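Engineer: turn this into a structure:
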Amino acid sequence: MKQVASSAGTSIGAVRIRRAQAYQGGRPPVPLIAAALFAAMLVLLPVAFTIVQAAGVSAQDAVDLLLRPLVGRLLVNTIGLVVAASLTSATSARRLHGLLNGRISQGGKSGPFSPPRLWPSHPS
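Structural biologist: Take a look at the predicted model:
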């Protein structure tokens, strides 16, 4: 590896090695840990609120709330949204793969699920 001297007289490679050695086996910086804990607390706040609110409801009230028509509609809409998003992403990924790879997996032949070809495989 070619060493490049910096203006301070130490090589850039040596500085990188010292930095790498300083972080190996060391603890992460305290501000990084604090930021991660703060983010985790923000993510868990709605879950904690829901648990506290649910603890104050009787079992019969919880069943009555969960078996309302609105909850059923929300469940059906959520399942429909998951299915639609999954199918859309799978179809888009398949078409993008075919466009980028030029249908290599099918030997350049068209099939019912083949993506459209943007350029010819063998120019004339």
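
Engineer: next, the buried residues of the longest helix seen in the chain.
Structural biologist: Longest helix of the chain, by residue count under DSSP state H: helix 69-101. In terms of neighbour count (16 or more other Cβ atoms under 10 Å), helix 69-101 has its buried residues at G98. For every residue, glycine as well, the C-beta is placed using N, CA and C.

Engineer: tell me where the protein has helices.
Structural biologist: All helices of the chain, identified by DSSP H, fall at 12-23, 30-55, 59-66, 69-101.

Engineer: with mean pLDDT as added columns, please give the ones you listed in a markdown table.
Structural biologist: Formatted as a markdown table, these follow (pLDDT from 0 to 100):
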| stretch | mean pLDDT |
| --- | --- |
| helix 12-23 | 66 |
| helix 30-55 | 95 |
| helix 59-66 | 91 |
| helix 69-101 | 91 |
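
Engineer: just the angle between the longest helix of the chain and helix 59-66, please?
Structural biologist: If you take axes from the mean of the first three to the mean of the last three Cα atoms, to 10 degrees, helix 69-101 sits at 50 degrees to helix 59-66.

Engineer: counting contacts, what elements does helix 69-101 pack onto?
Structural biologist: If you count contacts as 3 or more Cβ pairs under 8 Å, 6 or more residues apart in numbering; DSSP states H and E, helix 69-101 packs onto no helix or strand.

Engineer: residues contacting I33?
Structural biologist: By Cβ atoms under 8 Å, 6 or more residues apart in numbering, no residues touch I33.

Engineer: please determine how far it is located from R27.
Structural biologist: Look at I33 and R27: by Cβ to Cβ, to the nearest Å, they are 8 Å apart.

Engineer: what of L75?
Structural biologist: For L75, the distance to R27 equals 45 Å [Cβ to Cβ].

Engineer: look up the pLDDT of G25 for me, please.
Structural biologist: Looking at G25, its pLDDT reads 64.

Engineer: all good on my end, thank you.
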